[in-house]
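Undergrad: Below are the sequence and a predicted model for it; my questions follow.
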Amino acid sequence: MKNAILLLFLFIISQLPAQNTPEALVETFFKEQASKGPEVALTNLYSNNEWAIDNAESISILKKKLVTAENVLGKMHGHALLGEKKLNDYFVIYTYTALYDLQPMRFTFQFYKPKDRWKTFAFSFDENLDDELEASLKLAPLADQ
């Protein structure tokens, strides 16, 4: 019995660092957004950053904007990584497309690692993907010449 408890304890501890990777934080955000809603997902996304306590009003506004956007765009049907930028060993940016009924929406996550754990540095979202895609398609033929 002691061995079983010890093995369980070791297994749980071995899983803890993996939960603090930026990738895991993003996946948790999307899972919680689908199952518990955007307000819970954003609260938990910022729960690893003590700044969030001091800036609760800014995060509350962000939550309201995301809820409003989702009410307009409809149900989310999935997400896909658009890009990843690793600036160095302590700062990374991930950009995702979220697939909604009406149109896609872009989510940008920024993570910072000052010591041994990743923190959510910033989160933003926008619906301007179509303008940027159209502009990039206009420039693509010029790049081929």
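TA: Happy to help now that I have it. What you see is a predicted model; the values in this text were computed from it and never measured. Residues are numbered from 1 along each chain as shown.

Undergrad: Where in this structure is the helix or strand with the lowest mean pLDDT?
TA: Across the helices and strands of the chain, mean pLDDT, DSSP states H and E gives its lowest value to helix 2-15, namely a mean of 42.

Undergrad: name the element the closest residue to L81 other than its chain neighbours belongs to?
TA: Once flanking residues are discounted, L81 sits nearest to Y96: 5.8 Å by CB to CB, 6 or more residues apart in numbering. For the C-beta atoms, the positions are set from N, CA and C on the backbone; glycine is no exception. Y96 belongs to strand 91-100 when assigned by DSSP states H and E.

Undergrad: Show me what that strand is in contact with.
TA: Strand 91-100 has contacts (CB atoms under 8 Å, 6 or more residues apart in numbering) with 22-23, 26, 30, 70, 73-87, 104-113, 121, 125, 129.

Undergrad: Which ones among those map onto strands?
TA: Members of the contacts of strand 91-100 lying in strands (criterion: DSSP state E): 76-87, 104-112, 121, 125.

Undergrad: Noted, bye for now.
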